[in-house]
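Undergrad: predicted coordinates and the sequence they were generated for:
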Amino acid sequence: MNAAQIITNGTIGLVAAIAIAAVPAAGYPVQGQFTNDPTHCDNPPDVLLTHELGDPAVFPIEEQVFIDAKLTSITVCAPDDGIANDWEIRMINLGTTYWQDVHFVADEATYFALGNWDGYISDLALPGPKEAFRIDSLGTNANLVYESGASDNILEPGEAWTWYLTNFDYGAAPVFDSVGAFSWSSASGPPSNASILANPVPEPATAAVLVLGAATLLRRRRPG
């Protein structure tokens, strides 16, 4: 192996290490499978969700979100059922991870769950689907009505979202404190009636470093 090959291989290793670090690690990984139901509300894609976000009192820092819920008269994708169970949710990302594919799912403690559902989420470790929806500003279930950062349906560090939860059939505000437990699996966790699941995305600054690393690699591969 010549010097050029050593340099090239070292650069490849460095870029690969940066790529691995680009997706931040967070505690309590989960496997939540969202499956769309085409008969109700919108048709977001099926997706495997790998992390649960929730109450700062119980979640690790990278999965902490501040959440404030208040009753509202606004409903989304479903008519008002005449019960005081429609909620405006304000949510702030307290960690440094960027989150995409953000979904709401009703937990085991709920009954008929909610009105503005898109499909179902199951915990692959303990199967049992519950009604769920993608938190976004798209389609008829446009429940995400405010993003303090870019309007891109990505929950950035420090960003605040406001979104609506319709006909939440529990008799109380949503509580997000089931660390690593959601849907029917919440029976094995602390008291909870709702969960937020999402996937991490690379931070923009890390993406820029990856581009720089690739450019350096190309320069060093030139014959000289």
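TA: Done, it's in.
Undergrad: residue ranges with poor pLDDT in the protein?
TA: Segments of the chain classed as low confidence (criterion: pLDDT under 70) are 1-27, 109-112, 187-191, 203-224.
Undergrad: now for the residue positioned nearest the centre of it: which residues touch it?
TA: Compute the mean C-alpha point of the chain, and by CA atoms, centre = their mean the closest residue is residue 198, 1.9 Å away. Taking CB atoms under 8 Å, 6 or more residues apart in numbering, we find residue 198 in contact with 49, 51, 53, 99, 100, 101, 102, 103, 155. Placement of C-beta: from N, CA and C, glycine included.
Undergrad: just these now: which is nearest residue 124?
TA: residue 49 (10.1 Å; CB to CB).
Undergrad: wait, a strand at the closest one?
TA: Yes - secondary structure assignment (DSSP: H, G, I helix; E, B strand; the rest coil) places residue 49 inside a strand.
Undergrad: need the contact list for residue 114.
TA: Residue 114 touches 106, 131, 133, 165, 166, 167, 168, 169, counting by CB under 8 Å, 6+ apart.
Undergrad: quick check: PyMOL command selecting the buried ones in those.
TA: A single PyMOL command is used to select the members of these judged buried by 16 or more other CB atoms under 10 Å:
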select buried, resi 106+131+133+165+166+167+168+169
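Undergrad: now the element after the helix or strand residue 145 falls within, going C-ward?
TA: Per DSSP states H and E: residue 145 is located in strand 144-147. Sequence-wise, the next helix or strand downstream of strand 144-147 (DSSP H and E) is strand 160-165.
Undergrad: need the contact partners of that next one.
TA: Applying CB under 8 Å, 6+ apart, the set of residues contacting strand 160-165 is 69, 72, 74-76, 86-92, 104, 114, 116, 135, 143-148, 155, 174.
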